[in-house]
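Asker: Here is a sequence with its predicted model. Questions after.
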Amino acid sequence: MDQRQTFSNAAELMNMINVLFTQQRKASFIIDQDGLTRTEGLIVKLEEKNGLIEETVVHLQPSLHFKLSQVIAVNGVFRSDYSEC
């Protein structure tokens, strides 16, 4: 049986990302931007939008950014409701 670590909601994901951001550790993401894309780097800014965790924008070095709602996986931990990869 194949098992993998998952997060079940935006708050759990935000906690993981905050740890990576505050400790300045490299983050590897799979994001859904018109299809799956892999990207990695240091998180340089977290920008809250509209008071919703899911709308928070993650900024990576040097200029890539995406919404938390687009994150499928971070550092090998997958969104629990995603089964495509």
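Answerer: Perfect, thanks for sending it.
Asker: packing partners for the host helix or strand of Val44?
Answerer: Here Val44 sits within strand 43-49, counting by DSSP states H and E. Contacts defined by 3 or more Cβ pairs under 8 Å, 6 or more residues apart in numbering; DSSP states H and E place strand 43-49 against helix 10-22, strand 52-60. In short, each C-beta sits where N, CA and C put it, glycine included.
Asker: In terms of secondary structure, what does the helix or strand just after the first one contact?
Answerer: Beyond helix 10-22 in the direction of the C-terminus, DSSP H and E gives the next helix or strand as strand 27-32. Using 3+ Cβ pairs under 8 Å, 6+ apart as the contact criterion, the secondary-structure elements in contact with strand 27-32 are strand 36-41, strand 52-60, strand 71-74.
Asker: and Ser8, what does it touch?
Answerer: When contacts are counted by Cβ atoms under 8 Å, 6 or more residues apart in numbering, Ser8 touches Ser80, Asp81.
Asker: Need the winner for burial among the helices and strands packed on strand 43-49.
Answerer: strand 52-60 (a mean of 17; mean count of other Cβ atoms under 10 Å).
Asker: Can you show me the CA trace of that one as PDB?
Answerer: Output of strand 52-60 as PDB, limited to C-alpha atoms (Å, rounded to 0.1, in the frame of the first residue of the first chain):
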ATOM      1  CA  LEU A  52      -8.600  34.500   3.800                       C
ATOM      2  CA  ILE A  53      -5.800  32.000   4.400                       C
ATOM      3  CA  GLU A  54      -6.400  30.400   0.900                       C
ATOM      4  CA  GLU A  55      -5.800  33.800  -0.800                       C
ATOM      5  CA  THR A  56      -2.400  34.300   0.900                       C
ATOM      6  CA  VAL A  57       0.200  35.000  -1.800                       C
ATOM      7  CA  VAL A  58       3.500  33.100  -1.400                       C
ATOM      8  CA  HIS A  59       6.500  35.000  -3.000                       C
ATOM      9  CA  LEU A  60       9.600  32.900  -3.900                       C
END
